[in-house]
Each structure stands twice: as structure tokens, then as C-alpha cells.
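Chemist: below are the sequence and a predicted model; questions follow.
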Amino acid sequence: MNAKIPKIVYGIPLVILSAIIINLVLDDSAIETSLSVPLNSNLEAVSEDFGYPNNLYSGPFAILDGTYDVNDTVFLIGDEIPLDSKGMIDFIRPDGVIHHSLQYDGSKNAVNHYFTPVSSSDLEECGECEFFGTWKISFRSNQGMTYLPITFEVITQQD
């Protein structure tokens, strides 16, 4: 009878430990799945479930829409940027010219930037500039993560 008691004493903690490990593994995979944002080839989030339809994402960066008109404002948001990520963000017009650049640094954790790709005054000042078409937000990484570009359209006003 004494030989059976140690088997039971060791068996119960093993069953409890196994249940705890299985529970932890299942919880970690559920958390990982719920935090990932599915992306299609245009980096547009399939986001009906995420509360922000029509967002365009690249890593921790997003813009609020994919189509803009004259005098519309583009909002670029970067949140929870990894600490070791540093670099430049280039806003590139359809003709390949860099409209402007912005630095990002993970030690600051967030980027909130807004700009107007084409205003009425831009059209008056630069008749040869190509403002309408596909713009690209490009990320030049100096350190840390590399991010894919985000694209958006600037369309002409329909009169």
C-alpha cells in the first residue's frame, strides 16, 4: 500500500502542471491572434472588425483614408513604434519628387503628423508639378524594423 501513495502524490501535481501549461499556451495564441491586423497586398487593413474602415497600414503606421482631394488633409499616425526603430518618412509625389520628410524614433513611441498634399495655392504656384495620382509614404530605416510603403491617391476635383 505504501508503494501506491507516492504514485498518486506525483500524479496529481503532474496533471495540474499539464493543465496550467496547456492553458498558458492557448491563452498566448489567442492574444497573438487578436492583436494581429490582417493586411492585403495594398497594405489596406481588412478592418470591418477593427473600427477603422479604409485605413492603410504599415507596421505601427497608418493613414486614415486612401483617397484625398484638393485641400484635404492626410493624417499619419504611428503608435507603439519599437524602441530600436529609427529612420525617415518620405512623402513622395506621383512625379517621384519628395514633397517633405519626417523623422521617426521609437524612443518617442508615437508619430502624429498631418499635411495637405495639394492645396489651391500649390496649384497656382507650381503648374508643372504633378500632385494628382498615387502618392507614396516611404520609410527609410536607419535602425530596427523595416516598413513597407503606404500609398494613397490624390484626385482632381470634379466640377
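Modeler: Perfect, thanks for sending it.

Chemist: what's the mean pLDDT across stretch 84-100?
Modeler: Mean pLDDT, computed over stretch 84-100, is 94.

Chemist: give the buried residues for it.
Modeler: Under the neighbour-count criterion of 16 or more other Cβ atoms under 10 Å, stretch 84-100 has 85-87, 89-94, 99 buried. Every C-beta, even on glycine, is put in place using the N, C-alpha and C of the backbone.

Chemist: let me know the closest of the residues you listed to residue 67.
Modeler: residue 94 (13.6 Å; Cβ to Cβ).

Chemist: got a list of what the closest one touches?
Modeler: 130-135, 154 (Cβ atoms under 8 Å, 6 or more residues apart in numbering).

Chemist: for residue 104, same thing?
Modeler: Here residue 104 is in contact with 78, 81, 85-89, 111, 139 (Cβ under 8 Å, 6+ apart).

Chemist: just those residues now: which is nearest residue 119?
Modeler: Checking the contacts of residue 104 one by one against residue 119 (Cβ to Cβ), the nearest turns out to be residue 89, at 20.2 Å.

Chemist: which stretch of helix or strand covers that closest one?
Modeler: If you go by DSSP states H and E, residue 89 is part of strand 86-92.

Chemist: returning to what we had before: can I get the contacts of residue 94 in CSV with pLDDT and neighbour count?
Modeler: Output for the contacts of residue 94, formatted as CSV (pLDDT from 0 to 100; neighbours: other Cβ atoms under 10 Å):
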residue, pLDDT, neighbour count
130, 89, 13
131, 91, 18
132, 93, 18
133, 93, 12
134, 94, 12
135, 95, 22
154, 93, 21
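
Chemist: max pairwise distance over those: which two?
Modeler: 131 and 134 (11.3 Å).

Chemist: please verify my assumption that residue 151 contacts residue 56.
Modeler: Yes - shown here, residue 151 and residue 56 form a contact pair, counting by Cβ atoms under 8 Å, at 7.4 Å.

Chemist: neighbour-wise, which of those two wins?
Modeler: Between residue 151 and residue 56, counting by other Cβ atoms under 10 Å, residue 56 is the more crowded of the two (21 against 18).
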